[in-house]
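K.L.:
Compute the structure for the input listed below.
(2 chains)
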Amino acid sequence: QKEVEQDPGPLSVPEGAIVSLNCTYSNSAFQYFMWYRQYSRKGPELLMYTYSSGNKEDGRFTAQVDKSSKYISLFIRDSQPSDSATYLCALRGGNEKLTFGTGTRLTIIP
Amino acid sequence: GAGVSQSPSNKVTEKGKDVELRCDPISGHTALYWYRQRLGQGLEFLIYFQGNSAPDKSGLPSDRFSAERTGESVSTLTIQRTQQEDSAVYLCASSWQGSGNTIYFGEGSWLTVV
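P.N.:
Sure thing, here's the model as predicted:
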């Protein structure tokens, strides 16, 4: 079993829809939770970072962490074609290594 | 430069040859990371440098892989006797004082072994 599981998609939704992206993890030592966005042939860029259970909102993006269920989510409201990318969850424990999910490829259809 | 710079951006090499990939981190960033991303896969940690401390090499997949860093600047990832399974994007990232939460990635070096 992988430490971090993420549905690879692809996921296609119409413009304006709410998108839900999810990861599950097995290692309870993970303390920090991040979401990265990666456009084609580009490096990942950090979208959201959180370290506690609950919700964190930033504009159209909301990151949700449920440590008891080992489940993290990223919600995108009012999705735009420019949101089309691969979204990667990344988790960190007590050291500097980030453990990434496989990424979910998202397409927003105009 | 403003961001993490990697070179070459693309490299095609023959099986068995050695390759060197270069990374210039963001100025002032003390921590530097190398990750590998195979097609359709997540990022695999390879190695981490923090200042003058001994690097964390725990992610290097075999002794064909090595990396060096000169002080707090340029790093080189070397793959010896390349194999087809080495084909991947090699991503370099840097951060300030090893704050793994906010690391900035370069565009990657796309390696194809034929």
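
K.L.:
which ones are touching A:Thr99?
P.N.:
A:3-4, A:27, A:30, A:90-92, B:45 (C-beta atoms under 8 Å, 6 or more residues apart in numbering or on different chains). Backbone N, C-alpha and C define where each C-beta goes, glycine included.

K.L.:
Can you check the distance spanned by stretch A:26-39, start to finish?
P.N.:
Terminal residues of stretch A:26-39 are spaced 28 Å apart (C-alpha to C-alpha, to the nearest Å).

K.L.:
tell me the SS of A:Ser82?
P.N.:
Three-state assignment for A:Ser82 (DSSP: H, G, I helix; E, B strand; the rest coil): helix.

K.L.:
same question for stretch A:99-110, mean pLDDT?
P.N.:
For stretch A:99-110, mean pLDDT is 94.

K.L.:
Buried only: go through the contacts of A:Thr99 for me.
P.N.:
Buried members of the contacts of A:Thr99, scored by 16 or more other C-beta atoms under 10 Å in any protein chain shown, are A:4, A:30, A:90-92, B:45.

K.L.:
burial count for B:Phe65?
P.N.:
Residues lying near B:Phe65 (other C-beta atoms under 10 Å in any protein chain shown) number 18.

K.L.:
circling back: with pLDDT, distance to A:Pro14 and secondary structure added, can I get the contacts of A:Thr99 in JSON lines?
P.N.:
Formatted as JSON lines, the contacts of A:Thr99 follow (pLDDT from 0 to 100; distance: C-beta to C-beta, whole Å; DSSP: H, G, I helix; E, B strand; the rest coil):
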{"residue": "A:Glu3", "pLDDT": "89", "distance to A:Pro14": "33", "secondary structure": "coil"}
{"residue": "A:Val4", "pLDDT": "93", "distance to A:Pro14": "29", "secondary structure": "strand"}
{"residue": "A:Asn27", "pLDDT": "91", "distance to A:Pro14": "36", "secondary structure": "coil"}
{"residue": "A:Phe30", "pLDDT": "92", "distance to A:Pro14": "33", "secondary structure": "coil"}
{"residue": "A:Ala90", "pLDDT": "94", "distance to A:Pro14": "28", "secondary structure": "strand"}
{"residue": "A:Leu91", "pLDDT": "93", "distance to A:Pro14": "30", "secondary structure": "strand"}
{"residue": "A:Arg92", "pLDDT": "90", "distance to A:Pro14": "34", "secondary structure": "strand"}
{"residue": "B:Phe45", "pLDDT": "93", "distance to A:Pro14": "36", "secondary structure": "strand"}
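
K.L.:
Test my guess that A:Ala29 contacts A:Gly94.
P.N.:
Yes. Assessed by C-beta atoms under 8 Å, A:Ala29 is found in contact with A:Gly94 at 6.7 Å.

K.L.:
And B:Gly98, what's its pLDDT?
P.N.:
Per-residue pLDDT puts B:Gly98 at 65.

K.L.:
Check the one 3 residues further on too.
P.N.:
Confidence at B:Asn101, expressed as pLDDT, is 67.

K.L.:
next one: the one 4 residues further on
P.N.:
At B:Phe105 the predicted local distance difference test score is 94.

K.L.:
Now it. Its backbone dihedrals?
P.N.:
The phi/psi pair for B:Phe105 (degrees, to the nearest 10) reads phi -100, psi 150.
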